[in-house]
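Novice: Structure for the following, please:
(one chain, ligands or ions: 1)
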Amino acid sequence: MEKYMINGGRKLSGKITIQSAKNSVLPIMAGALLTDEQVVIKNCPKIKDVMSMLNILSHIGCKWQFEGDNLIINSLTADKYVVPKELANEMRSSIFMLGALICRFKKAKIYAPGGCNIGLRPIDLHIKSLKKLGVNVSEVQGQIFCSASSLVGKDIYLDFPSVGATENIILASVLAKGKTQIFNSAKEPEIVDLMNYLNSMGAKIYGAGTSTILIEGVDRLHGTEYTPIPDRIECGTFLLATAITGGEIEIHNCNAKNISVLIHKLCDNTCKITTNNDIIYLKNKLMSKSFSFSTGPYPLFPTDLQAQTMALLSVSSGKSVVVENVFEKRFSHVSSLIDMGANISVKGKRAYISGVNRLNGTQVYASDLRGGAALVLAGLNAEGQTIVNNISHIERGYFEFEKKLSSLGADIKKIY
Ligand code: UD1
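Specialist: Numbering: from 1, shown residues only. As a prediction, the model looks like this:
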């Protein structure tokens, strides 16, 4: 089991460049199934989730290779529509294959993602929407079988602006007959990215980034070369890592607009932040001041930055309240932060934090991707040594996290 060993107390300082967004790249990879021609995904991070998605694409019969950081996928030889259980279990985001497989083969067999460390992840909205498009769905012992004689565009209303359901509907309907409209769609920047990518392949999708998306079905899609947007969550994580160590950083390849909600909170705090084209500069020389926030669908505060922000608030002067509105169980990092000396109590979806001066290093366990990143940030601040166990969760979404942090002056090593 790999671990991070961190000796806290070093201020981060220097420059880093952000990778392409994990949450864009995964549905974009699934979208490569919609054409027989070659797709090139530029600046693709070699994170664990990307490797898991490649395992699934290989199983489906696609060919792929990396040329440097560019991922080349060719789906001409794709001939299977089943995602086996062990591959589905490797990555819960395998559910994004559903729309792509249905579009390509008019059938799909996939396993429902069960409960996970951030709570249950139901797929009722995905299923209900696909049924609207003419897909028959049956479920036997956790395996979902979908088939359709043809896919026909319809109006679909989402009860909640689910990111994954919006993406699955787009993927399933892009080659359907007629028009599909998604009302109350998710507005995340990664949805806009999926639209731009598919449109570069000849799709006709309009309105992504708003709450109504229109998809006019086309007959075929062609190959493309596409650079996904920068990862706003990786960018936010490094801003918070710098803030918690009282350092300064220059982050390249980022879109400040996509995390303006975090930037505003950090500026209201004690951080000085300026932006220039795709660069963000942050300097934090003082002990941070507390602030409160509630997570929600974009443009509200991203749930994927909740844990890392909580690490900062646990050493910010004053009291903060964090409300987690997106996932039912996304506070599993709290017990480890408490073990490190944080003063946090949780009641339902609220966490109440009283800032302490500094955390103390100890042995902690990452239980999910972003919660694990929060423990690394806490370790960077802590007095003494922190060992973060189960870092495979963290490597799902951050490529060479420890190397990037070391390049900024952190004392962090991966140990085996
Ligand atoms: C995506 C992101 C994840 C992020 C989340 C919210 C990817 C690969 N993952 O996950 O990093 O944290 O958006 O921004 O892009 N829900 C239902 N029924 C459904 C679908 C969702 O009840 O059919 C609920 C979920 O349980 C959750 C909420 O809706 O409580 C949000 O889920 P959703 O937006 O679908 O998140 P994901 O697409 O799974």
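Novice: any low-confidence regions in the stretch 101-250 of the chain?
Specialist: 113-120 (pLDDT under 70).
Novice: what do you get if the cut-off is 80, keeping everything else the same?
Specialist: 112-121 (pLDDT under 80).
Novice: could you pull out the strands for it?
Specialist: Along the stretch 101-250 of the chain, the segments classed as strands by DSSP state E, counting those that start in this stretch run 107-111, 136-140, 143-147, 155-157, 179-183, 204-206, 212-216, 224-226, 248-252.
Novice: which element follows the last one toward the C-terminus?
Specialist: To tie it back to what came earlier, the one meant is strand 248-252. Next helix or strand after strand 248-252 toward the C-terminus (DSSP states H and E): helix 260-268.
Novice: how about the CA coordinates for that next one, as PDB?
Specialist: Provided in PDB are the C-alpha atoms of helix 260-268 (Å, rounded to 0.1, in the frame of the first residue of the first chain):
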ATOM      1  CA  SER A 260     -14.400  32.300  -9.200                       C
ATOM      2  CA  VAL A 261     -16.500  31.200  -6.200                       C
ATOM      3  CA  LEU A 262     -13.300  29.800  -4.400                       C
ATOM      4  CA  ILE A 263     -11.200  32.800  -5.500                       C
ATOM      5  CA  HIS A 264     -13.800  35.200  -4.000                       C
ATOM      6  CA  LYS A 265     -13.800  33.300  -0.700                       C
ATOM      7  CA  LEU A 266     -10.000  33.300  -0.600                       C
ATOM      8  CA  CYS A 267      -9.800  37.000  -1.400                       C
ATOM      9  CA  ASP A 268     -12.400  37.800   1.300                       C
END
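Novice: quick one: contacts of that helix?
Specialist: The list of residues contacting helix 260-268 from outside it, by Cβ atoms under 8 Å, 6 or more residues apart in numbering, reads 236, 239-240, 243, 256, 273, 275, 280, 282, 284, 291, 293, 299-302, 305, 309. Any C-beta I mention is one placed from the backbone N, CA and C, and that applies to glycine too.
Novice: Find the nearest non-adjacent residue to residue 283, please.
Specialist: residue 248 (4.1 Å; Cβ to Cβ, 6 or more residues apart in numbering).
Novice: From residue 282, how far off is the one you found?
Specialist: Per Cβ to Cβ, to the nearest Å, residue 248 is found 7 Å from residue 282.
Novice: The two: which is more packed in?
Specialist: Using other Cβ atoms under 10 Å, the more surrounded residue of residue 248 and residue 282 is residue 282, with 24 against 19.
Novice: which residues of the stretch 1-150 of the chain fall in helices?
Specialist: Taking DSSP state H, counting those that start in this stretch to define them, one finds helices in the stretch 1-150 of the chain at 22-31, 48-60, 85-90, 97-105, 124-132.
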